[in-house]
Structures are given as C-alpha cells and as structure tokens.
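*Asks:* Take this sequence and fold it.
(2 chains)
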There are 2 protein chains.
Amino acid sequence: MNKDYIIPNEWSIVEEGFHIENITASESIFSIGNGAMGQRANFEETFSGETFQGSYVGGVYYPDKTRVGWWKNGYPEYFAKVLNAPNWIGINVNINGKALDLNTCKVSEFKRELNMKDGVLYRSFIAELPEGDQIKVNATRFLSLDFDEAGAIEYSVTPINFTGEIEFIPYIDAGIMNEDTNYDEFFWEILQIQEEKNEAYILSKTLKTEFHVCTGMQITFALNNHFITLDKEVEKSEKRIAFKYKSKVKQGDTFTIYKYGGYVQSMNHANEELISESKKVLQKAKEIGFDDLIQKQKDAWEKIWATSDIIIEGDIKAQQAIRFNIFQLNQTYSGEDSRLNIGPKGFTGEKYGGSTYWDTEAYCIPFYMSTKDKSVAKNLLLYRYNQLDRAIENAGKLGFKNGAALYPMVTMNGEECHNEWEITFEEIHRNGAMLYAIYNYVNYTGDFQYIPEFGMEVMVAISRFWQQRATFSKVKDQYVILGVTGPNEYENNVNNNFYTNYLAKWCMEYTLKNLDILQEEYHDDFKRIVAKTNLNQLELDQWKEVSEKMYFSYSKEHNVYLQQDGFLDKELIPVSNLPRSERPINQKWSWDRILRSVYIKQADVLQGLYFFENNFETKTIEEHFDFYEPFTVHESSLSPCVHSILACKIDRLEKAYELYLRTARLDLDDYNHEVHEGLHITSMAGTWLSIVQGFGGMRNFDNKLSFAPQIPKKWKSYSFKINYRGAILKMYKDHEGNKFTNESEAPVDILVHGKKVTVSPNELVTL
Amino acid sequence: MNKDYIIPNEWSIVEEGFHIENITASESIFSIGNGAMGQRANFEETFSGETFQGSYVGGVYYPDKTRVGWWKNGYPEYFAKVLNAPNWIGINVNINGKALDLNTCKVSEFKRELNMKDGVLYRSFIAELPEGDQIKVNATRFLSLDFDEAGAIEYSVTPINFTGEIEFIPYIDAGIMNEDTNYDEFFWEILQIQEEKNEAYILSKTLKTEFHVCTGMQITFALNNHFITLDKEVEKSEKRIAFKYKSKVKQGDTFTIYKYGGYVQSMNHANEELISESKKVLQKAKEIGFDDLIQKQKDAWEKIWATSDIIIEGDIKAQQAIRFNIFQLNQTYSGEDSRLNIGPKGFTGEKYGGSTYWDTEAYCIPFYMSTKDKSVAKNLLLYRYNQLDRAIENAGKLGFKNGAALYPMVTMNGEECHNEWEITFEEIHRNGAMLYAIYNYVNYTGDFQYIPEFGMEVMVAISRFWQQRATFSKVKDQYVILGVTGPNEYENNVNNNFYTNYLAKWCMEYTLKNLDILQEEYHDDFKRIVAKTNLNQLELDQWKEVSEKMYFSYSKEHNVYLQQDGFLDKELIPVSNLPRSERPINQKWSWDRILRSVYIKQADVLQGLYFFENNFETKTIEEHFDFYEPFTVHESSLSPCVHSILACKIDRLEKAYELYLRTARLDLDDYNHEVHEGLHITSMAGTWLSIVQGFGGMRNFDNKLSFAPQIPKKWKSYSFKINYRGAILKMYKDHEGNKFTNESEAPVDILVHGKKVTVSPNELVTL
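*Replies:* Just a heads-up that it's a prediction; the model follows:
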C-alpha cells in the first residue's frame, strides 16, 4: 500500500487533515533547506507522538565508530555521518499553563503547505487542548537562500474560545542525538551557552572532527501585528537554553513570536568568532524583518525557477512531482561551495550517513550542469579533485601503487567510510564515474580548460588504477577484471562486469587521447602534470595495451554483451513470472538467492549503453534493452530513470512513461514505504533526466546539442529550460509539435530529430 | 618469531622459568578438560598481570546478540557462544597478611608440567614477596575423567625463611564475563548462594538459554600431610563467595589446602536438584580423597592411551607434539554424550564462540572412530541427526522447500549462528561433509544399520538441498552450482566449485544407492522413511538427473579439474614467488586482492581428491597436487594435514614431512602467534590423520583396511594403534620394515602396500 495523502497542486506540496501515522513521512516530504543547511519538517512546539528530529549543517559530520561483525583488512575504522545538529526551531507553547502538544489535542483544519515557488513552509491548525481551550495556530518557516546561515519562523497563536495566558518558550537544544549512532554515542560537546536580552547562542563542537558550530536565536513578538516587548525568564541547563515569555491574550487576538535562528560554523569562520558572527547574521535578519526576508526568499526562488522549471500541462500530479524533485535538489545543493556535495538523502534524514556517492557524478551533475551556471558543476568536480590525495591513499590501502587512485564508495572528507567488502573494495566502477563526469562536463560546457587545469591529474590517477586492477588472462590472451560488483549490486565478486570493463577501457583511452591534446596544445600544463604525477611512457603503453585488449563477454545467441562471465548459466526467468509475493526480493529473499538469480537491481549493462550511447547502434541498444529490462526489478531508486531514457531512445514511449512514473512520485507517494527515513534526493536528478533526456531526447555529443522530443499521451504539453553554454534555451513540446526559444544574446545551433535548427535570441522556433 | 619455550619431553608439556610474556599462551597450552568441562591453566591464586580467564561447561552456551554492520535477510539474530562459567579454582593466598601475586613477587624455580600420561597439571615455584617472605608452592590440579562433574586441587605452601601466618581464601566467583561479548553484556544470573561448613555452592543460570549450573567447592586442609580443621570467616557478595582460613605456620612446614570443585548442570539434572547433586559429587570426591582420585585419573588415562597412543622414536619434539594433540582431543570430547561436540578451540578459549563446525565431520570423526569404540563416532553423527529439524528450518529460511536441509556453518543447538553471507549462505559444502561422515562411519565400522535407523533421513534432506541448489544451465546443458564458497575461503561467491559440485553429485548418488539397498533389504525401514519424509519417485529422478549431469570445469592444458569457473583467468604466480613480507596474506592484503589472487587458503580440489581418493588414479592426484599445492598458503590450520596425507600417497615423503611439521606443533610452538586465544583443537585431529593416513597410509575403502607405511628420515620408528571393528591393531614402522599386532580375539585381514596380510591375535606380523 503506497501512501497517497499529498494533495495535487501545481506549485505546492499540500497535506490536509491531521493524521498521526503520516507525521514522520511528512517530516521528510516537507523538509526545507538552502544548500548550507536543512531540516526535517518537525513541529516547532513539543510533540509527544512519534517523530524523527533532524536538522543538519552542510559539511559537518562525525566519524561514528564502524559497526561490523567480521572485520576485513582495509575496512575503514569509521563511518562518517551527517550529524543531527542542535535544534533551533523549537518553540514550546503553553496555553493557560498547559503544553500545546498535538498528540494530546483535538486537531482540526490541520494543513501543511510547502510552497515551492517561494521556498516557504506553512502550517496551520486549530487545536483544542484537553482542558477545552481552543486556539488557531499559523506557523511559517523558511531557510533563507540569501543569508544561508539564517532561517526565520513566524508562529502565531489566536485564542478562539477564551481569554487567558499564552506562554512562548523558544529554545535551543544541543542535547540532540543521531538516531543511527552505532554505539549510542553523543557526538557533540557543548562549549559555551551565551544569552543576552532576547538572544541566545550555544557554541558546540563535534567530537573528534572538531567542527565548531554556533546555533543562535533572536526573538521578537507582535500582538495583532504590532511589535511588543516582553520580559523573559531564563531556563538554562547543560545543553539547552530556553526563554519563557508570557502574555495575557484576549479571545480573537493574535499573539505572534518571530524566531530568527540558524547555524554559523567553523568551515566559514574562525572558531572564536562564531558567536559574534551568529549574532551579526541574526541581527541582520531581524532588522530586515520577517516580511521583507520572505520577499527576498521569493525573489531568490524565482531566479532558480527561471532557469530550471519544467512545466507539464494536463497532469497535475506529474507537474507537482517534477517541481518537487527540482525544488529538493536546489534545497540540497546550491553549488556555491566545492567542499559540499549531495547526499542521497540531502538534509532530510540520516540514512546512508556518509554524504557523497557516485550518484553525484552519474545522476546529479547533468541536472546542475543544465539548470545552473557551469561553475556549479565545476564545484562538484573540484570536490573530487580536492580529494584526490585521499583517493590515492585509499587505493594504497588496497595494495595499489604509483599514484593510482580509488575514489571512495561513500565519503565525507575523501576517505572511504563504507565497510562491506563486496562494495567498498569491489564496486570500483565508481572510479570510472569520476572520470565520466569530467568528460560530461567538458563535453556539455565546452570548458576544455578544466582538463589541463584540474581534470588530468584525476584522470591519470584513475587510469593507473584500472591498469593495475586488470589481470592478464593467459587463456583468453586478453585483460580481465576479476572480482567486482557492478552497478547491479545484486551480483557480488563477479568477473568481467561489462559496465566496469567498458568504463575501465574508456577511461584509459580518454585519458590517453587528452594527454595527446595536452602535449600538443597545452604543453606547459602537460609538463607540469607529467612532473607532478611522475608519468612515464611505459605507463601510457600499458594503458594502451590493457584498453586495446580488454575482454568483454558476449553472447552470440542473444546478441548482447553479458553483464558478467557466466551470466547465461542462470535461470532466465523474467520478473513478470515472479510472484508479487516474492517482491521486493531484497526484503523477501536471502542474499545468496538474490545473487544466483538473474534479477537486476538497477541498470548495469544498460547504464553503460546510456553513458556511451553514441558508441552503439540504436538496434544494439534495443537488443540489450529487450534482453535485460525483463530481468530488472528496479529495486534501486536510480534504476527506472535510465531505463525510461533508453526506452524513449528506442521509441517505447509507453514503457518509458511507465518507468517514469516509478521515479517521479517515489517519495510523494512513498512507493518503497521508507519516506519517513528521508527523501531520495539523488534519484530526483534521475527524474529530471527522464524528462529532459528521456521525453525531450536532449543529448550532447561531439559539441552538438540535440533533441528528439516525444510526449506521453496523458500530457497536454511540457516544457523545460536548460542552460547551454550560457544560453537559456527553452523547449516546449505538445502533441502538435515543438517550440524552442533562446533567452541569450547569441544564436544557438541545435539538432531536432537529427535536423539542424538555429534558435536565435528572442525568436520562437516552431517545428 | 615463533614462541619456543616448551621443553621437549615424551609424556609431558613442560615450562621452566617464569616469563610473564608467556602467561596467556601457557594458559592455553596447559589447559585441562574431561569432555564435560574444561578450563584454561589460570593460576589458583590472584594474578594482577595479563591473564585470560576461562572455565567452560560442555553444552552451556549463550546467544550473544550478533554484531553486524550491514544486515542481510537470513542472518541469525545471535551468535551462540561457549560461556565463561563461574570460577571454582580460585584460592587466594595471603602471607603474613600480604597477597601472593606472582606479578609482584620475585619468582624462581617456576615450573609447570602437564603430565599427559596421567592427565594432571602440576605447578611449583618459589616466590619472594615484596616484604621479603619466601615461600615454596606446589599446586596440582585435574578434572576427573571418572567423575566428570568434579575436579580437584592440592595447593601447598611452605614458608622458607619465616614463621608466620598463612591465609587461604578459596572462593567461587560467578561475576565472570566473556572476553568476546558483542555488547559487554553479563550472561549469567545468580539465583542462589549457599554455604555450609567448608562447602559453598552458587546456583546460576544463563540468561535467555536458561541453562542452570551449580558451581560448588568443598575444602579440606593438611599440615605436613596431616588433616587439620580450621575455622572460617565468610565473605559473601552478590556474585561471589569466599572462605578465609588462617593458620600459623612454622618455617619448613607445609600447609596444604584441598579444593574439590566443579559444575553440575541442568542438561543432566533437574534444576531444583543441582545444589544437592553438586554436594553429592563433591562429597564423594572428598571421601575418595585427593591421592586416590589422582590414581583413578591415571588409570582412566591409561585406558585411553592403550587404544590411542602414537609412539615416535628418534624425535622427541614430534613425540611430545602428537601426544599433545591426542591428549587435547580426548580432553575435549569423551564421546559419551551425543548433545556435545568438538569446538574448534575446545575448552581452551572463546574464539569461534559457536561450538560445532564441519571440522567435526571432516577431521575429527576419523580420529575418534579409530581410537575409540564406534559408539563415540556414532554419537557425533547422532548430534547432527538430532538437529535435522533445525537444519530443515535453516534451509527454509533461505528459500528451500520440501524438507531440504542445510546444516549450519556454526552452531550450538542446530540453529545457524554465523553471519557472513559468503560463508553462512554460500559455504554449503559443509552439508556434504555431514553425509560424507555417515558414509565414512558406515565404511569404517561396518555398522550399516545406522543408515536405515538414522542416516537415511539426513541423507534424503541433504540430497533434496543439493537438487534444489543446482541450476540447469541451458548453455552448458548441464547442472551448475552458482554462488558458493568452497573450503578455500579465499574465494567467495564462485560458480562450480569443484569440491562442492563433486560432493553434491556424490551425495545424491550415495543416497540413491542406499535407498535401493533399503528398499530391497530393509523394507520396513524404507517404508517408514518414505512416509516420514514424503519421498516420491519424481524427486529420485531429479537427483539422478542432476547428479548425472553435474558440470565440472576442467582444464585440458593443465589436466586438472578447476577449483571453480574462471580459475585460469587469474595470475598463476606460485606462493614461492610471493615475498615473505606479504604473508600471511590474510593479515597483509585487503579482501578483494585475496579474492582475485590465485592463492588458496586450504585444500579445496585436493580435499575432494582426499575424500574420494578411491575414485581417482594416483597420477590424477599427483597432477592436481602439483598444480594446486604451489598456490596454497595453508593459512588454515586444517590445510597442511590433507596435503601431507596426499603427499605420502604420491610418494613425496619429504614434502609430506615438511607439511606435517606445520600442523604437529602449531600450538606448542605458536606458529600463528595466537595460541593465547586457545588451542586449535579440531586441527589436532588432522595431525593424527597425517601420521595414520599419511605416513601409515591407512585407508578403508570397500571394506578393506589397508596400509602403505613410510617413515620420515628423521624418525627412528613410529607406531600407532587403531580400533578397527573392535580389534585393536598396532602398526609399527621403522626403517627396516613393518610390524603388525592384533590385540583382539579374531584375525584381521589387511592390505599392506597392496598385499594381503592376515594379522592373527597375539601374533607379531613382520614385513
């Protein structure tokens, strides 16, 4: 049973009615963030029902001692975790001395709205306390895009049936835990609690990693929209500070508290200045005031939507879903800081604790690259460039030499922090994605300069890895890659995974090709890189030899590359013959059964064909799609999008649409019954890809931008914008045809279904 | 650097001199046991230096909550652990009010001797306390074979340079922990502490499993060998009871405490009778008295040695080693209780916490079968027979149906308690060992009756498993077994492991063959079994089909069966080319590197050739030995013995001897730097096999007992005894020839180097 309580709306996520069983799901879905910080949609006031509290500061992590049953050499000592940070949103409310707690009240007219156009979260309800007092509450909250260390809350209470005393108790609580600590440790040390008039600050640092974070709050009040001042009482304990403000309020009056709060942290400021910086930021927010801040928030989001919106007509749920995905991606990563990245759950939960996976390179970069300035994608590349030393160190731990790099499967600071041998040590295809992302970036943006300046060092280190990782098979007289896990994690320790071998071969070839270009056209850079990396001709010869003689397992009978050696020994029973009761197999079957079955978790061979579509005939893609898709259970959120894109490519629009539906509303409709743990942020980029590269058919090979637009029957029209080398191109598609516009100042040449079209500035091209 | 401090001696393990760094190693090596209980050689008196305390009651375990990093469906919730039981050996000693603690004394003339002929542990030393008082201590301890719920200690102190007060504080301490608890839990609940005159009892039960154990002590004293009585002071706390006895002792006098203690437990008695039973047992021991008890102990061990001794002349270290191995195996399992089994560390440590591995079936049964009455091996078979329901349940958890059984990798009570998917779910060859043990037993003892009575139910369930576990490969038109780990655990999730496939095929064939015999000759049993197991003809046809069409990977180039599919893709670099600094690879390499290397942890293909030697030409064995042994790192203690046996078979006596040396003194010389964790009990059976089946060439195929004796150059002679179908045969081999004697009443026909020889009772046959 999927959850299906979110009300369709073009620009908002809306929940109506108070359903206690949806609280933790809504806490995920209504999450807000501004790239620098984010938080689950926990209530401001106390709530004694089930809740999953979460507020996160970008880049701040803790190395939780790894939990493992059977240690293997090479396992990391710790698993870096996003950290639940001190709670600054808390405002407890007492009505005539009794705590407002929706778990004990009669609640009516409960409504939540996450307005995605403006980036603001609204909540309102009427509560009747056990004693009979009725109040109306309106709460508005957002994390500022303009001032990314600040957030603001407006929280109003109106007595409906009484005149009495209302008490607001805003607080900061640094006594928070992660839900997923391995050994129930407390990760924060409280250094200082400072309070002034209507302000308070808690300076705390993470144990071990010593990130210093100042959590602050500044408070103002209004009665019926007129600012008032109130005396406070202070309640201070070791890890928490609260102010108590009481006021007599008449029936019908609206008593409002404004709370400005947020985090200022040591990645951006000196430790000793954190409190004063926090004070400064919140002072400024307070001076601007809630209404003007909210206006700035709307303006900032308007700018984002101007280059990234996708409009779908005729299917309001699809419209809502795609905006939700774009909105959440923008909440998670703003692109301004190359030290940050996109965690699979963003700022919406703790699962997959470590932040960065290959999801970023394989799925997210194309989204950010097409909807933002190229500096954003570049920052994501630089994140890995800056961690190259750690990747070399990581490869060293596994026995690789001479500057070979293996990027980690999961990381916060460049060190590996995952510990399943079949993934940590063997899911090495991730290393290829790092190089693919460089290629993808250079290809799309035309910024070749990135390669001599940064990319080549990474490329050399990765090519070294692949050459050392390959084994010469005497019997095959070719190079094999033994003992890997491909993107399809339902196979472990297999030999000659097609995707891995293909990527390895391609990496070495692409590196060699670009080394040639550098040697001819960027000679100084070339010399610098050769010196820095100790590159020698023998290595280049080895890369050439290994890439030329790379082995691929192929079936003549089926006309397909085999996912790995021995794949055809399996029982080839399609998913359609698998009883529904046995699925998802990752919940119903033991691991050995999954492994020896034919079932595929997510695109594997097809992921390769998707990445390198230009190297394959459409017929080849079709044959592989027809062979592999029937065995694919899509039990990864990253699976349907790739299949949807390829289905469009081979003119299977209905199949494409079916697969698209599995990704678009994954979280809104909670297909996997896990939305309470957080949102699937990185797979949201896949949804975007399904429309732009899938239905829109956008491609960018050989410096040519092309489209092959199709439209699902159910939709009236759809349109998207992309930023292509500085030009904002808009593509509109309906059942009549296509329209293109160009918001830049120079014409852009594109191919539409293979036909060359020039889109000039401010011209509407109709096809 | 191996430890090498044990003094060579034919019948004793001897340590001389007090070396603090050897304490924990000696605690393992000098362990004592009587099959029902066992203990490490911890000191009686307090010791503030490093020590690993351990005392264990056979069959008493605790389900420790499993520690695991990444959960997989099918993992067990707990890991059954041998339990450190309440300490009953403790006798603290105060000299003029100061505690005797060897960690703070000047120690001289320290000597330990484990007399294996008699089964008694001796310790003596002179200690000078910090205050200058010198004493001489003699401690003698043993666990009675005759009364296996009792042990006895004689502990004497003689003042050398003073007359003063000596205090003995015998105690029982139930406040003990396991060193390897996963979550630092306390596993015992104390139910009752009872004290009488010079007796005390602590009744405790294990949490969850609710084993009830009464630990008791009874105390007497002597001064210069005359019994005396002393008043006591009682010191009692929640988990411990101690008695304090003081006496003035003159210089040169010997003050002795006798402590009778041990465990009485709920597997053998009603809970409410445990204290009274314990009282009864200790009372009896006390009445018999220390000297007579020790005489009985000597008599009991004499009986054991009479049928199991191996005599090696000309190599005292080899002599000591083989007796140590035989001694420890007998201390671990007496064969009287089919609920008990042989843990890899016996009663000498906590590692591998769960008790029973396939080691029992593959290595230990032949030892017990040849050195004891057949009832002992039968009890070991019945252990598994009695756990068949659990094995069926276990297979069910992994998706197998219709009464298929998968015996656990590690177990205490029949439930699986190991949690590495590549082992728990995939190291399924263990299932074949269960059936092989039945075959081996019937073959050696001639007790075919075991099959209709018990064995066939197990055989049916295991054959069902293999048939369901095999996959029909369309491309091969044969059955394959995908995703397994063979005995060589340095390969995981491989396809068509030769050993596994061979065993699977053989299991089904052997079951079918015996079903035919049952149908013809044991028709009632046949009918009963068919009804009980719901066996039908279709299944039998399937077994036939799968076993006939089982796939084996074979290399024509090398003339060998391949360990698994794709083996030849590896780099075939022999161990001799591997730098010493890289070994042992399980400590130096990451797991992925080990997996994709050619290196073999222990016999795998060769384990199969060893089990089924009669199905292969000697030349075939030689070819496989020459192919695989050079890649074998022997990093399992179970590896060298199989290779040593096969090396004898193919006339490589020097190689055989080299390999024999790696197994014989593994613990005495602490080759693997881990003896402090406990002894490698199960591999000790492999050492025995290396002599009897290796140098002695004993085989038993087709109801023929055969020998092919050889002798290592370094030895003058060796001889061993075996119990063959009730006859005690002795084989003597020196460089002149062979001698056989027969201690039974009927002649026995044997083959010696293929020649038939009849050995008549009380006749010396010289060849």
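
*Asks:* Near A:Asp477, how many other residues are there?
*Replies:* 9 (other C-beta atoms under 10 Å in any protein chain shown). The C-beta positions use only the backbone N, C-alpha and C, and glycine is treated the same way.

*Asks:* what sits against it?
*Replies:* If you count contacts by C-beta atoms under 8 Å, 6 or more residues apart in numbering or on different chains, A:Asp477 has them with A:Lys549.

*Asks:* swap the cut-off to 10 Å and go again
*Replies:* With contacts defined as C-beta atoms under 10 Å, 6 or more residues apart in numbering or on different chains, A:Asp477 is in contact with A:Lys549, A:Tyr551.

*Asks:* Find the nearest non-adjacent residue to A:Ile322, please.
*Replies:* Leaving aside its chain neighbours, A:Ile322 sits nearest to A:Ile310 (4.8 Å; criterion: C-beta to C-beta, 6 or more residues apart in numbering or on different chains).

*Asks:* Could you give the number of residues near the one you found?
*Replies:* 23.

*Asks:* Wait, it touches A:Ser717, no?
*Replies:* No - using C-beta atoms under 10 Å, A:Ile310 is not in contact with A:Ser717; the gap is 11.2 Å.

*Asks:* Where does the closest residue to A:Ile451 other than its chain neighbours sit, in terms of helix or strand?
*Replies:* Leaving aside its sequence neighbours, A:Ile451 sits nearest to A:Asn514 (C-beta to C-beta, 6+ apart; 5.5 Å). Taking DSSP states H and E as the criterion, A:Asn514 maps to helix A:498-521.

*Asks:* what's the following helix or strand after that helix?
*Replies:* Immediately after helix A:498-521, counting by DSSP H and E, sits helix A:523-533.

*Asks:* Look at the closest residue to chain B within the stretch 1-150 of chain A and say how many residues are nearby.
*Replies:* Here the stretch 1-150 of chain A gets closest to chain B at one residue, A:Gly74, 3.4 Å apart by C-beta to the nearest C-beta. Using other C-beta under 10 Å, A:Gly74 has 19 neighbouring residues.

*Asks:* contacting residues for it?
*Replies:* Taking C-beta under 10 Å, 6+ apart as the test, what A:Gly74 contacts is A:394, A:397-399, A:416, A:419, A:421, A:424-425, B:589-593.

*Asks:* among the residues you listed, which two are most distant?
*Replies:* A:Gly399 and A:Asn419 (17.3 Å; C-beta to C-beta).

*Asks:* who's more crowded, those two?
*Replies:* Using other C-beta under 10 Å as the criterion, A:Gly399 and A:Asn419 rank with A:Asn419 on top: 23 against 17.

*Asks:* Next one: that one from B:Thr66, what distance?
*Replies:* 16 Å (C-beta to C-beta, to the nearest Å).

*Asks:* Secondary structure class of A:Gln693, three-state.
*Replies:* Using DSSP: H, G, I helix; E, B strand; the rest coil, the structure places A:Gln693 in helix.

*Asks:* these two touch, right, it and A:Arg699?
*Replies:* Yes - proximity of A:Gln693 to A:Arg699 meets the contact threshold set by C-beta under 10 Å, at 7.0 Å.

*Asks:* So for those two, which sits in the more crowded spot?
*Replies:* Set A:Gln693 next to A:Arg699 and count neighbours by other C-beta under 10 Å: A:Gln693 wins out with 26 against 17.

*Asks:* On the pLDDT front, check the closest residue to that one other than its chain neighbours for me.
*Replies:* Take A:Gln693 and drop its neighbours on the chain: the residue closest to it by C-beta to C-beta, 6+ apart is A:Ile645, 4.9 Å away. Looking at A:Ile645, its pLDDT stands at 98.

*Asks:* Secondary structure of A:Ile645: a helix, I assume?
*Replies:* Yes - assessed with three-state DSSP, A:Ile645 lies in a helix.

*Asks:* show me where pLDDT drops low in chain A?
*Replies:* The model of chain A has pLDDT under 70 over residues A:1-3.

*Asks:* What residue in it is the furthest from its centre?
*Replies:* Centroid-distance maximum for chain A: A:Thr163 at 47.2 Å, with C-alpha atoms, centre = their mean.

*Asks:* And it, how close does it get to B:Thr206?
*Replies:* Relative to B:Thr206, and taking C-beta to C-beta, A:Thr163 is found at 64 Å.

*Asks:* One more: A:Ala404?
*Replies:* Counting by C-beta to C-beta, the gap from A:Ala404 to B:Thr206 is 51 Å.

*Asks:* One more: A:Val137?
*Replies:* 54 Å.

*Asks:* mind listing the strands for the stretch 451-600 of chain A?
*Replies:* Secondary structure of the stretch 451-600 of chain A (DSSP state E, counting those that start in this stretch): strands at A:471-473, A:478-480, A:554-555, A:560-561.

*Asks:* Alright, that wraps it up for me.
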